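K.L.:
Fold the following.
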Amino acid sequence: MDNNSIHYCKNCGEKFYNDKSDFCSKHCACGYNPIITKMCPYCKQEFTIKKKKFAAHVKYCTQNPKRIEIDKNLKKTGAETIDKKYGLFKEFIVKCHVCGTKFTVIEREKLFPQKERYYCSDECGKKYANSCMNHDTFQKISNTLRSRYNKKPRICPVCKKEFTGNRKCCSDKCRKFYIHESYDRSHLIKRSQLELYRSKCDFHFSLRDYPDEFNFDLIKQYGWYKAKNHGDNLNGVSRDHMYSIKEGFVNNVDPKIMSHPANCKLLRHSDNVRKNSKSSITLQQLLERIDAWDKKYNK
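P.N.:
The predicted structure follows:
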């Protein structure tokens with residue numbers, strides 16, 4: 001055979017002998033999909049993709065004025081295909097497998113009946129399901145339910161009484177005491193040790209007992225600090241720990257020293273927040289202030 005008649009298939013690249021075609025078979029001719037560079041006539045974007053993908057983009061481009069009609073035709077043809085394959089929806093009269101009551105169901109013609117047994121209600125379905133269960137199945141369900149409720153008794157950490165249930169304490173009274181009042185127990189389940197230390201360092205004295213030690217003019221001018229949902233005075237005055245609680249926690253300082261009046265200073269809350277965890281005096285200066293304070297007020 002003459003070498004001039006040898007051709008290479010554009011799709012698969014195999015040799016073949018045919019002067020009239022560029023493909024070795026009909027399969028290769030139908031599957032030929034070369035990479036092209038073209039511009040979409042609707043969105044004016046240039047693509048370097050396979051020919052069939054470009055054709056699909058042009059057809060379904062959002063700028064294509066016929067896009068709405070194409071979508072409608074797709075839905076219509078899809079629905080017609082399903083209707084031909086499975087048939088149209090129709091009403092059929094069926095009989096309940098348990099009580100024998102007749103009722104109607106809506107199903108496709110070619111798919112009916114879709115179920116082996118039909119039930120007129122959930123009650124009939126449950127009756128049949130229960131009738132199919134054997135003794136072992138009922139026993140397993142019974143044991144599972146009993147294991148949920150028959151639990152070992154617990155001991156209340158507050159009153160030491162035995163009780164059953166998933167709660168930590170036997171009653172709401174014991175629970176509130178356990179959470180809010182008992183500082184010696186871990187009443188702060190969700191709190192850290194620093195927060196517990198901070199609560200113990202709160203000031204519990206009255207400013208009126210020491211009228212010469214604090215600047216009451218600040219209170220007259222700005223008032224006491226109140227949160228937005230409790231009076232809304234964000235520029236008010238609050239009590240500040242001169243030796244900060246954070247440093248006291250790190251250095252393991254006794255909370256009684258931290259809550260001493262000698263460690264208290266009146267500041268505007270905004271300045272107090274800006275100060276953050278910094279200390280305005282050292283621990284040694286605080287101890288000296290406490291000694292002088294106790295001598296002055298005979299404590």
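
K.L.:
Low-confidence stretches in the stretch 1-150 of the chain?
P.N.:
For the stretch 1-150 of the chain, the stretches flagged by pLDDT under 70 are 1-5, 18-19, 148-150.

K.L.:
what about the helices in it?
P.N.:
For the stretch 1-150 of the chain, the helices defined by DSSP state H, counting those that start in this stretch occupy 26-31, 51-60, 67-86, 122-132, 135-149.

K.L.:
do the stretch 151-299 of the chain as well
P.N.:
172-176, 193-200, 216-222, 245-250, 255-258, 269-275, 283-296.

K.L.:
Using a markdown table, lay out the ones you listed together with distance to residue 99 and mean neighbour count.
P.N.:
No exception for glycine: its C-beta is placed from N, CA and C like everyone else's. Converted to a markdown table, the helices of the stretch 151-299 of the chain look like this (distance: least, CB to CB, whole Å; neighbours: other CB atoms under 10 Å):
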| stretch | distance to residue 99 | mean neighbour count |
| --- | --- | --- |
| helix 172-176 | 49 | 14 |
| helix 193-200 | 64 | 14 |
| helix 216-222 | 80 | 12 |
| helix 245-250 | 73 | 18 |
| helix 255-258 | 75 | 16 |
| helix 269-275 | 73 | 14 |
| helix 283-296 | 86 | 14 |
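
K.L.:
With respect to residue 112, which of those lies nearest?
P.N.:
Proximity to residue 112 (CB to CB) singles out helix 172-176 among those, at 58.9 Å.

K.L.:
quick one: average pLDDT of that closest one?
P.N.:
Averaging pLDDT along helix 172-176 gives 80.

K.L.:
domain parsing for this structure?
P.N.:
3-60, 89-132, 151-190, 193-296 (automatic domain parsing).

K.L.:
Out of the ones you listed, which one sits most buried?
P.N.:
domain 193-296 (a mean of 15; mean count of other CB atoms under 10 Å).
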